[in-house]
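Enquirer: sequence unavailable; structure follows:
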Ligand code: HEM
């Protein structure tokens, strides 16, 4: 009976939703359209089927919403798809479970050497492999996203599993494909149907079944990794995320069981963030080809760094222009249009507007990165906005690609280090040119859970 009701409610929701055209990716884009805020103000409500969603538009609304209401707006929606696919990871959990996972995640990243030499060494190692790979290609035209995806994925694999994979590894390819498939499903119309008609869609053939089997593949891969960690035993000094996790379970197994702390899912969730980063780096390479003064970055790199000097994150302080270019790319590309939606945990008010418990909160990060109140000519690419008159790097408060508040991106520091070290290594070693007779790289982005460039090819030529 319940499932029939669910289906009927879902159908009504579907009609409403399609009518309002709200859930489709095109409209996802539409919500973030500045004209919506011009008409309705910087805080406005959208009805997503029968759920109210409050969009926070522009720096002030996002900052007020996420920083002054850290507790009230720290929940996530628990949706049928996440439940069925078993995606109860740190990113999508709420309340006590989320707090526990977040504390443990931060502590473990620190223990593994985040902000110290330990994790930086992994990134440098991957940068070395990446440069080595591009050297072997000898300037032939290629899609650079493949080796770049491998490099960033390998950093997170080293953190979680304690080892990297070779570019030829079949399982590694399948793992990356599985994440791509899950993300693609998340952007599809079938995802929407699954949210609205979970019972029906669970039994019908279609992309939802493929996404399910991809989740199962990732889970079984992680199970295997956990098994092999258990077999070799936890070293006195844990080496990776799984070691820390197993050690923690051994210490407080009873407590963890009470909290419903699901290790494999957490790790799965943790892993899937590499996809964000991959899109960003793909974007980075595409944008590099356009009007960016790469030569100026390369001149700065040549002046400050030796040709074979190991590049550290700390070096950004001596490379203000390169640092400014990376920041401006990240602002201008704005790969995460809307931060992962939050859910209000109790009735509250925001800038005088009542926000009832259970409201979906949609912080529009794109509108922050292009807020005309905060950025001069925001639609122009201009690294100098991150430099003062003397050419020193300056931080900008509206630079929030990683969001802000209690659920700010957990991997922010890791991502920043990777971006800087990969970018500096690649630009020191290579110039990037279009293949002869090749098409200009399209600046149209592909809309998805993160924005991606159109497929493209480049020649990576040693300098
Ligand atoms: C350029 C790369 C990245 C960008 C732009 C980015 C951006 C974001 C954003 C916007 C959120 C949502 C925050 C919110 O709900 O307000 C988020 C969440 C998260 N990110 Fe990232 N991220 C990146 C890379 C990474 C990496 C490499 C990791 C891996 C450690 C990571 C781990 C996480 C986690 C665990 C969350 C969920 C935090 C929570 O819900 O408490 N991210 N990220």
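Expert: Now that the structure is in, tell me what you want to look at. Every value quoted in this text rests on a predicted model; they were computed, and no experiment measured them.

Enquirer: right, and the ligand sits closest to which residue of the stretch 301-450 of the chain?
Expert: Per C-beta to the nearest ligand atom, residue 411 is where the stretch 301-450 of the chain lies closest to the ligand, at 2.0 Å. Quick note: C-beta positions are derived from backbone N, CA and C, even for glycine.

Enquirer: same thing with the stretch 101-250 of the chain?
Expert: Distances between the stretch 101-250 of the chain and the ligand by C-beta to the nearest ligand atom are smallest at residue 102, namely 4.9 Å.

Enquirer: the closest residue to that residue other than its chain neighbours: how many residues sit nearby?
Expert: Nearest non-adjacent residue to residue 102, counting by C-beta to C-beta, 6 or more residues apart in numbering: residue 90, 6.1 Å away. By the criterion of other C-beta atoms under 10 Å, residue 90 has 21 neighbours.

Enquirer: go on, residue 213?
Expert: Using other C-beta under 10 Å, residue 213 is surrounded by 12 other residues.

Enquirer: same for the strand or helix carrying it, what does it pack against?
Expert: Assigned by DSSP states H and E, residue 213 belongs to helix 207-232. Applying 3 or more C-beta pairs under 8 Å, 6 or more residues apart in numbering; DSSP states H and E, one finds that helix 207-232 makes contact with helix 80-85, helix 170-186, helix 189-196, helix 241-259, helix 263-271.

Enquirer: against residue 208, how distant is the residue lying closest to residue 171 once chain neighbours are set aside?
Expert: With C-beta to C-beta, 6+ apart as the criterion, residue 171 has its nearest non-adjacent residue at 6.9 Å, and that residue is residue 221. According to C-beta to C-beta, to the nearest Å, residue 221 and residue 208 sit 20 Å apart.

Enquirer: who has more neighbours, the two?
Expert: Higher neighbour count among residue 221 and residue 208: residue 208, with 22 against 19, using other C-beta under 10 Å.

Enquirer: for residue 343, give its distance to residue 414.
Expert: 26 Å.

Enquirer: higher neighbour count, those two?
Expert: Per other C-beta under 10 Å, whichever of residue 343 and residue 414 has more neighbours is residue 414, with 23 against 19.

Enquirer: next, the more buried one: secondary structure please.
Expert: helix (DSSP: H, G, I helix; E, B strand; the rest coil).

Enquirer: OK, contacts around it?
Expert: 109, 114, 119, 155, 159 (C-beta atoms under 8 Å, 6 or more residues apart in numbering).

Enquirer: can you tell me the element the last one falls in?
Expert: Following DSSP H and E, the helix or strand that holds residue 159 is helix 145-161.

Enquirer: buried ones in the helix holding residue 213, by neighbour count?
Expert: Neighbour counts using 16 or more other C-beta atoms under 10 Å place 207-208, 210-212, 214-215, 217-219, 221-222, 225-226, 229 of helix 207-232 among the buried residues.

Enquirer: show me which residues of the stretch 351-463 of the chain sit near the ligand.
Expert: Selection of the stretch 351-463 of the chain residues close to the ligand by C-beta under 6 Å from any ligand atom yields 365, 401-403, 407-411, 414-415.

Enquirer: list buried residues within the residues you listed.
Expert: 365, 401-403, 407, 409-411, 414-415.

Enquirer: I'd like those residues as JSON lines, with pLDDT appended.
Expert: Putting those into JSON lines (pLDDT from 0 to 100) gives the following:
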{"residue": "365", "pLDDT": "93"}
{"residue": "401", "pLDDT": "94"}
{"residue": "402", "pLDDT": "93"}
{"residue": "403", "pLDDT": "94"}
{"residue": "407", "pLDDT": "93"}
{"residue": "409", "pLDDT": "91"}
{"residue": "410", "pLDDT": "90"}
{"residue": "411", "pLDDT": "89"}
{"residue": "414", "pLDDT": "91"}
{"residue": "415", "pLDDT": "91"}
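
Enquirer: those residues into JSON lines, with extra columns for secondary structure?
Expert: Shown next, in JSON lines, are those (three-state DSSP):
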{"residue": "365", "secondary structure": "helix"}
{"residue": "401", "secondary structure": "coil"}
{"residue": "402", "secondary structure": "coil"}
{"residue": "403", "secondary structure": "coil"}
{"residue": "407", "secondary structure": "coil"}
{"residue": "409", "secondary structure": "coil"}
{"residue": "410", "secondary structure": "coil"}
{"residue": "411", "secondary structure": "coil"}
{"residue": "414", "secondary structure": "helix"}
{"residue": "415", "secondary structure": "helix"}
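
Enquirer: nearest to residue 441 among these?
Expert: residue 401 (21.3 Å; C-beta to C-beta).

Enquirer: tell me who's in contact with the closest one.
Expert: Residue 401 makes contact with 330-331, 334-336, 365, 369, according to C-beta under 8 Å, 6+ apart.

Enquirer: which of those residues sit farthest apart?
Expert: Farthest pair in those (C-beta to C-beta) is 331 and 336. Separation: 11.9 Å.

Enquirer: residue contacts, residue 123?
Expert: Residue 123 makes contacts with 155, 417-418, 421-422, as judged by C-beta under 8 Å, 6+ apart.

Enquirer: for residue 313, that is, sorry about that
Expert: Applying C-beta under 8 Å, 6+ apart, the residues near residue 313 are 120, 416-417, 420-421.

Enquirer: mind listing which of those residues are in helices?
Expert: 120, 416-417, 420-421 (DSSP state H).

Enquirer: on that earlier part again, could I get the contacts of residue 123 as TSV with pLDDT?
Expert: Converted to TSV, the contacts of residue 123 look like this (pLDDT from 0 to 100):
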residue	pLDDT
155	91
417	94
418	93
421	96
422	94
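
Enquirer: so which bits of the chain are right by the ligand?
Expert: 90-91, 102, 273, 276-277, 280, 335-336, 339-340, 365, 401-403, 407-411, 414-415.

Enquirer: sketch out the low-pLDDT regions of the stretch 351-463 of the chain for me.
Expert: Within the stretch 351-463 of the chain, the stretches with pLDDT under 70 are 443, 447-449.

Enquirer: ok so, going back, pull the most distant pair out of the buried ones among the residues of the stretch 351-463 of the chain next to the ligand.
Expert: For those, the farthest-apart pair by C-beta to C-beta is 365 and 414; their separation is 18.7 Å.

Enquirer: where does the stretch 51-200 of the chain get nearest to the ligand, which residue?
Expert: Closest point on the stretch 51-200 of the chain to the ligand, by C-beta to the nearest ligand atom, is residue 91, at 4.1 Å.
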